[in-house]
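Asker: For reference, the sequence and a predicted model appear below.
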Protein chains: 2
Amino acid sequence: MALNDPDPTPLRIADVERETGLSKDVLRIWERRYGFPVPVRDAQGRRCYSAEQVRRLHLLRALVDRGGRPAELMRESDAVLAGRLQALGAAAPVPPVASVPHLDEALRHLAADRPEALEALFQRHVLEFGLRRFLLDVAVPLATGVGEAWESGRLAIHQEHVFSDCLLRFLAEATRRWRAASPDAVPRSPRMLLATLPGEQHLIGLAMVETWSTLDGCACRSLGGGLPVAEIAAAARAQRADIVALSFSACFDPARGQAQLAMLGDLLDKGCQLWIGGGRTADWAPGSARVQCFRNLADLGPAITAWRAARGAG
Amino acid sequence: MALNDPDPTPLRIADVERETGLSKDVLRIWERRYGFPVPVRDAQGRRCYSAEQVRRLHLLRALVDRGGRPAELMRESDAVLAGRLQALGAAAPVPPVASVPHLDEALRHLAADRPEALEALFQRHVLEFGLRRFLLDVAVPLATGVGEAWESGRLAIHQEHVFSDCLLRFLAEATRRWRAASPDAVPRSPRMLLATLPGEQHLIGLAMVETWSTLDGCACRSLGGGLPVAEIAAAARAQRADIVALSFSACFDPARGQAQLAMLGDLLDKGCQLWIGGGRTADWAPGSARVQCFRNLADLGPAITAWRAARGAG
DNA sequence: CAACGCCATCTGTCTAGGACAAACTCGCTT
DNA sequence: AAGCGAGTTTGTCCTAGACAGATGGCGTTG
């Protein structure tokens, strides 16, 4: 009976791919090489994974992401793996962010699943020091800190999601308020379009660029994440954007990014610039004169001024 | 030379998968069956696609998504395909939503790439009729209308993204304002956790549920989109959620959804309910007593009241 | 002792072509 | 006109092999 009815709800390889983020190829090759996971097969010979196996796959993935090596991890029991993940968190003694007291506090709120406290902290900091300093002193280092905390196992994925949601809302609202409060008569330029490429999930960088640029008087419009280059180009044309700004996280493959960037460059109008930032984009080859890499938010101001000067003169 | 240097920036099959959303399997089988796309190969025999081919693949995908059949579409030229896509838009004469004047207006703003006008319309409607009526009379039908407009080719993907971004921000801010304006003394219950499963990109439904439930006095916390069930369960435990609410769009495969739902049901605490809605979830088999399907937003109110009654009595 | 380069191994992605289920079309029958 | 069965289309999954790029260890050299 274990063969003809392996599970009331068969988890097929595509489901496991979505759920764990491990590609079908990886799932198959792990099975071939390491003997795990070996799923039950249905009548047609298709793999049917158990919830148990998926749970272990999550553990394995978490450890592989943090630099573990599959061949070694596969030998360990679930308990050992879970312990190792916890140990990773405990072993990371002094996170570099924690030197600043309020960042440490923010991370503690997050680890304790208290997003309200986090938002209150944001609110206070903005009222005391203003949005620009909030971005530079809190948002950017905290985003880095959360990334590191996740890598070292101190924060779960869902906690990272909570952080993301929290900061995203906060910035969106701050931006909206600023926009509402500035006089309509001011012509806002350049027109900036914000997006991330397919495969890029992190929207935080984008939101920070939007807030900063809006403070600097740009007309920003966000397209959200995961948009194919063809669609970005179409949007840029439709909205007559002067600048398309893309954000990348550190895990985005540079080679892929640059290939897609080149493609986007071809599709955009000649007058439209391409600004990129985040992750390790600073190391990327510029490729085209129209592509500009940004190492940090503060560089946006001068670049916008320069754009206006060039446009005003030209 | 065309062989050893097919392209300055080789687009490999994984890139094309990300960019077009067509799986590697589909790309390979289309090549085998229909003779398109036939990419150049690099020195190792790997497929290197041209930007030209990717452009055509976008067209093909758009038409296949709208019910076209690959075998037939493959014979046509790019121009014919583009024309056919446009014709689809023109052929859809009276969208069902357009019967209500302000919805028609909203769609026109969107088609004309004027998100500011859309937001102004939202703002006006809320001030005149209130948030609940806005959700029922504007947000829900407009979301449906945008989906239909996309299907029929009247709206591009990037315009759908703009709509999504616009409504998402609007709802987030409205929710926040409501929360800020309600007295702190009121104990907010039930504690509701909102998320979508991996593979589900649409966050609109979730945002609408959040706004509605917040109005009804729930303590909502959004985890954003694309979270594995294991993480959702972990978050529910960490935040001691009473209810986990999931949103699905119509394109989500019911069989997959139900399998993942069953898995999530196993992982959650017994006291935690599972509320689902959106798309065609109404047709899904409930599976467990803890799973409750919602056909529309208005049903949330009674369900919340019922939950409170049961909890208060128990 | 540190730094550099080379080599072996590990790991993920890609290849090929075959199989099959689910969905859809079409034509026949009621 | 509506319902049903046969045939076709289409996407997903299968096996098994190849290889590039990363990683880590070792030996040599400054």
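Answerer: On my side now, so go ahead.
Asker: what number of residues lie near the residue of the stretch 201-314 of chain A found nearest DNA strand D?
Answerer: Residue nearest to DNA strand D within the stretch 201-314 of chain A: A:Ala255 (8.1 Å; C-beta to the nearest atom of the strand). From N, CA and C alone the C-beta is placed, and that goes for glycine too. Counted by other C-beta atoms under 10 Å in any protein chain shown, the residues lying close to A:Ala255 total 12.
Asker: can you check the one 5 residues further on too?
Answerer: A:Gln260 has 24 neighbours, counted by other C-beta under 10 Å.
Asker: Tell me who's in contact with it.
Answerer: A:Leu197, A:Val229, B:Asp15, B:Glu19 (C-beta atoms under 8 Å, 6 or more residues apart in numbering or on different chains).
Asker: Before we move on, what's the pLDDT of the residue of the stretch 201-314 of chain A closest to DNA strand D?
Answerer: Note on A:Ala255: pLDDT of 78.
Asker: do the same with A:Pro6
Answerer: pLDDT, read off for A:Pro6, is 38.
Asker: Within the helices and strands, which one has the residue nearest to A:Ala156 when sequence neighbours are not counted?
Answerer: In this structure, A:Ala156 finds its nearest non-sequential neighbour in B:Ala234, 5.8 Å apart by C-beta to C-beta, 6 or more residues apart in numbering or on different chains. In this assignment (DSSP states H and E), B:Ala234 forms part of helix B:229-238.
Asker: Pull the residues that contact the helix or strand following that helix.
Answerer: Counting by DSSP H and E, the next helix or strand C-terminal to helix B:229-238 is strand B:243-247. When contacts are defined by C-beta under 8 Å, 6+ apart, strand B:243-247 is touched by residues B:190-197, B:200, B:202-203, B:205-206, B:209, B:213, B:218, B:232, B:236, B:261, B:264, B:268, B:272-278, B:307.
Asker: mind running it again at 7 Å?
Answerer: Here strand B:243-247 makes contact (C-beta atoms under 7 Å, 6 or more residues apart in numbering or on different chains) with B:190, B:192-197, B:205-206, B:209, B:232, B:236, B:268, B:272-278.
Asker: Starting from that strand, tell me which strands it pairs with and how they run.
Answerer: strand B:191-195 (parallel), strand B:273-277 (parallel) (DSSP bridges).
Asker: coming back round to it: sort out for me which of the contacts of A:Gln260 are in strands.
Answerer: Using DSSP state E, no member of the contacts of A:Gln260 falls in strands.
Asker: Between those residues, which sits nearest B:Arg176?
Answerer: Nearest to B:Arg176 among the contacts of A:Gln260 is A:Leu197, at 29.6 Å by C-beta to C-beta.
Asker: Run a quick neighbour tally on A:Ala82.
Answerer: A:Ala82 has 16 nearby residues by other C-beta under 10 Å.
Asker: Double-check it against A:Leu59; I have them as touching.
Answerer: Yes - the pair A:Ala82 / A:Leu59 is scored as a contact, 6.2 Å apart, by C-beta atoms under 7 Å.
Asker: Just the helices from chain A, written as ranges.
Answerer: A:13-20, A:24-34, A:51-65, A:70-73, A:78-91, A:101-111, A:115-129, A:131-134, A:140-151, A:157-181, A:204-215, A:229-238, A:254-267, A:300-313 (DSSP state H).
Asker: Point me to the residue sitting closest to the centre of chain A.
Answerer: A:His202 (2.0 Å; C-alpha atoms, centre = their mean).
Asker: Am I right that it is in contact with A:Phe248?
Answerer: No - A:His202 is beyond contact range of A:Phe248, at 8.4 Å (criterion: C-beta under 7 Å).
Asker: Export the strands paired with strand B:243-247 as TSV, with columns for mean neighbour count, mean pLDDT and distance to B:Pro302.
Answerer: Output for the strands paired with strand B:243-247, formatted as TSV (neighbours: other C-beta atoms under 10 Å in any protein chain shown; pLDDT from 0 to 100; distance: least, C-beta to C-beta, whole Å):
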stretch	mean neighbour count	mean pLDDT	distance to B:Pro302
strand B:191-195	25	96	15
strand B:273-277	22	93	12
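Asker: Now render those strands as a markdown table, adding distance to DNA strand C.
Answerer: Formatted as a markdown table, those follow (distance: least, C-beta to the nearest atom of the strand, whole Å):
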| stretch | distance to DNA strand C |
| --- | --- |
| strand B:191-195 | 26 |
| strand B:273-277 | 20 |
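Asker: TSV please, covering these and showing distance to B:Ala149.
Answerer: Listed next are the strands paired with strand B:243-247 as TSV, based on distance: least, C-beta to C-beta, whole Å:
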stretch	distance to B:Ala149
strand B:191-195	26
strand B:273-277	22
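Asker: Mind exporting the C-alpha coordinates of stretch A:223-234 to CSV?
Answerer: Provided in CSV are the C-alpha atoms of stretch A:223-234 (Å, rounded to 0.1, in the frame of the first residue of the first chain):
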residue,chain,number,x,y,z
LEU,A,223,7.2,49.3,-11.1
GLY,A,224,7.9,46.8,-8.3
GLY,A,225,10.0,43.7,-8.6
GLY,A,226,10.7,41.0,-11.1
LEU,A,227,9.9,42.8,-14.3
PRO,A,228,11.4,41.5,-17.6
VAL,A,229,13.6,43.9,-19.4
ALA,A,230,11.2,44.1,-22.4
GLU,A,231,8.5,45.4,-20.0
ILE,A,232,10.8,47.8,-18.3
ALA,A,233,11.7,49.3,-21.7
ALA,A,234,8.1,49.5,-22.7
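Asker: chain center to it: distance?
Answerer: Remark: stretch A:223-234 is offset 16 Å from the chain centroid, using C-alpha atoms, centre = their mean, to the nearest Å.
Asker: Around DNA strand D, pick out the residues from chain A.
Answerer: Chain A has residues A:Arg12, A:Ile13, A:Ala14, A:Lys24, A:Arg28, A:Ile29, A:Arg41, A:Gly45, A:Arg46, A:Arg47, A:Gly67, A:Arg69 near DNA strand D, with proximity defined as C-beta under 7 Å from any atom of the strand.
Asker: Please identify which pair of those residues lies farthest apart.
Answerer: Longest span within these, C-beta to C-beta: A:Gly45 and A:Gly67, 35.3 Å.
Asker: who's in contact with A:Leu131?
Answerer: A:Ala174, A:Thr211, A:Leu215.
Asker: I'd like to know how far the last one sits from A:Arg133.
Answerer: Applying C-beta to C-beta, to the nearest Å, the value for A:Leu215 to A:Arg133 is 11 Å.
Asker: Same check on A:Val80?
Answerer: 45 Å.
Asker: which stretches of chain A have low pLDDT?
Answerer: A:1-8, A:89-99, A:185-187, A:285-287, A:312-314 (pLDDT under 70).
Asker: Would you mind splitting it into its domains for me?
Answerer: Taking automatic domain parsing as the criterion, chain A consists of the domains A:13-91, A:96-181, A:191-313.
Asker: So which bits of chain A are right by DNA strand C?
Answerer: So chain A meets DNA strand C at A:23, A:25-26, A:29-30, A:33, A:43-44, A:64, A:69-72 (C-beta under 7 Å from any atom of the strand).
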